[in-house]
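**Student:** Sequence unavailable; structure follows:
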């Protein structure tokens, strides 16, 4: 007979519910809102752990030598990415609860937190690294090195040395065969490919006078021989991603489209969360420095602007054309995309 499991034992509530020790209480003058402050941040760390757990499973699936795009694995990737997006939506809503604390309430215990800071959330930085944010791309690299413990920096470095989600996404996109034979005649240069010649012409027709400069970006994004400096997606991956975004109505592309669209959403939600955090910090401490020594809201604002991982995907929407202007696909390719093989 299986042993009985008791609710509080299963959740180890004896550990969780005794993990809220206020600094103000230790110092003999309890600040009422410090309990809320601790619980909110503990909840964030639990959600970061869950997102890391989901992200590692996604990375493991995409890191397989071969992936069937119609397999349960790809459905699992999209499903777990959507779960991560839902957690970020909840994280944004948690700011509402934290903002029930007024600036004066925060001042009652703020000085007792130094030099602890949310900047030191190594789990959050591990999650960013799993997505593809490298140390060299981080804002305030010297500050980063000096305010994290050595063991946490080493853990994050180990993750950065492994394939990240954006790198695996790039490799997956590069393998998409929709521009090859037998659907199209072989060509040595993407610019000479029948599909891209038609697509570029359709795109040019959508541009007004103010948008003409975008055309040079089109050629760099989709026809260059190498990945552009500062970019994470190769031109080959960009071509595949744009094709998925443009022809998403075909059944075979439903899951790939949801994958790309959810990654764009996650970037947007993380940016929204950072924006809410910036506004809250400005409201709470004004122009003061953060408890960890950063420039407060100014530092957070620059981090938000530098730390997007999937913004290149969102940028591809610049190059979409109306459905009625899309190039007609060969019948064999339409059958493939419609599951008729």
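**Tutor:** That came through, no problem. If you're wondering where the values come from, they're calculated on a predicted model, not measured in any experiment.
**Student:** Flag the shaky bits of the stretch 51-200 of the chain, pLDDT-wise.
**Tutor:** Applying pLDDT under 70 to the stretch 51-200 of the chain flags the ranges 139-146.
**Student:** And the helices in it?
**Tutor:** 72-98, 103-107, 122-131, 141-147, 150-160, 165-174, 194-204 (DSSP state H, counting those that start in this stretch).
**Student:** okay, those helices, which one's buried deepest?
**Tutor:** helix 122-131 (a mean of 22; mean count of other CB atoms under 10 Å). To be clear about C-beta, it is placed using only N, CA and C from the backbone, and glycine gets the same treatment.
**Student:** For that helix, which outside residues touch it?
**Tutor:** By CB atoms under 8 Å, 6 or more residues apart in numbering, the residues outside helix 122-131 that reach it are 45, 48-49, 51-52, 55-56, 59, 148-149, 152, 155-156, 159-160, 164-166, 307, 309-310.
**Student:** Same question for stretch 259-273.
**Tutor:** With CB under 8 Å, 6+ apart, stretch 259-273 has contacts from 74, 77-78, 81-82, 84-85, 88-89, 91-92, 95, 165, 169, 241, 244-245, 304, 307-311, 313-314.
**Student:** hmm, 6 Å instead?
**Tutor:** Residues from elsewhere that reach stretch 259-273, judged by CB atoms under 6 Å, 6 or more residues apart in numbering: 78, 81-82, 85, 88, 91-92, 241, 244, 304, 308, 310-311, 313-314.
**Student:** Could you do stretch 63-77 as well?
**Tutor:** Residues contacting stretch 63-77 (CB under 6 Å, 6+ apart): 58, 61, 163, 168, 255.
**Student:** Just the terminal-to-terminal distance for that stretch.
**Tutor:** Distance between the two ends of stretch 63-77: 12 Å, counting by CA to CA, to the nearest Å.
**Student:** Repeat that for stretch 157-177.
**Tutor:** First-to-last residue span, stretch 157-177, CA to CA: 34 Å.
**Student:** roughly how far is it from the heart of the chain?
**Tutor:** Centroid separation for stretch 157-177 versus its chain: 13 Å, with CA atoms, centre = their mean, to the nearest Å.
**Student:** Helix or strand for residue 217, just tell me which one.
**Tutor:** Per DSSP states H and E, residue 217 falls inside helix 214-223.
**Student:** what helices or strands is that helix leaning on?
**Tutor:** Applying 3 or more CB pairs under 6 Å, 6 or more residues apart in numbering; DSSP states H and E, one finds that helix 214-223 makes contact with helix 235-246.
**Student:** between the helix it packs on and helix 165-174, how many degrees?
**Tutor:** 80 degrees (axes from the mean of the first three to the mean of the last three CA atoms, to 10 degrees).
**Student:** for the following helix or strand past helix 235-246, what is the average pLDDT?
**Tutor:** Downstream of helix 235-246, the next assigned helix or strand under DSSP H and E is helix 254-285. What helix 254-285 shows for mean pLDDT is 92.
**Student:** Buried ones in helix 254-285, by neighbour count?
**Tutor:** Buried residues in helix 254-285, counted by 16 or more other CB atoms under 10 Å: 255-274, 276-278, 280-282, 284-285.
**Student:** what do you get for stretch 46-64?
**Tutor:** Buried-residue list, stretch 46-64, by 16+ other CB under 10 Å: 47, 48, 51, 52, 54, 55, 56, 58, 59, 61, 62.
**Student:** Could you dump the helices of the stretch 51-200 of the chain into JSON lines with distance to residue 326 added?
**Tutor:** As requested, the helices of the stretch 51-200 of the chain are arranged in JSON lines below (distance: least, CB to CB, whole Å):
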{"stretch": "helix 72-98", "distance to residue 326": "24"}
{"stretch": "helix 103-107", "distance to residue 326": "53"}
{"stretch": "helix 122-131", "distance to residue 326": "31"}
{"stretch": "helix 141-147", "distance to residue 326": "43"}
{"stretch": "helix 150-160", "distance to residue 326": "39"}
{"stretch": "helix 165-174", "distance to residue 326": "19"}
{"stretch": "helix 194-204", "distance to residue 326": "7"}
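**Student:** Between these, which one is closest to residue 184.
**Tutor:** helix 194-204 (5.7 Å; CB to CB).
**Student:** distance between that closest one and the chain's centre?
**Tutor:** Using CA atoms, centre = their mean, the offset of helix 194-204 from its chain centre is 30 Å.
**Student:** Can you tell me what sits against it?
**Tutor:** 184, 190, 319, 321, 325, 327.
**Student:** what does stretch 89-106 give?
**Tutor:** 33, 40, 272, 273, 276, 280, 284.
**Student:** Using JSON lines, lay out those together with distance to residue 117.
**Tutor:** What follows is those, written out as JSON lines (distance: CB to CB, whole Å):
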{"residue": "33", "distance to residue 117": "18"}
{"residue": "40", "distance to residue 117": "15"}
{"residue": "272", "distance to residue 117": "21"}
{"residue": "273", "distance to residue 117": "17"}
{"residue": "276", "distance to residue 117": "17"}
{"residue": "280", "distance to residue 117": "14"}
{"residue": "284", "distance to residue 117": "13"}
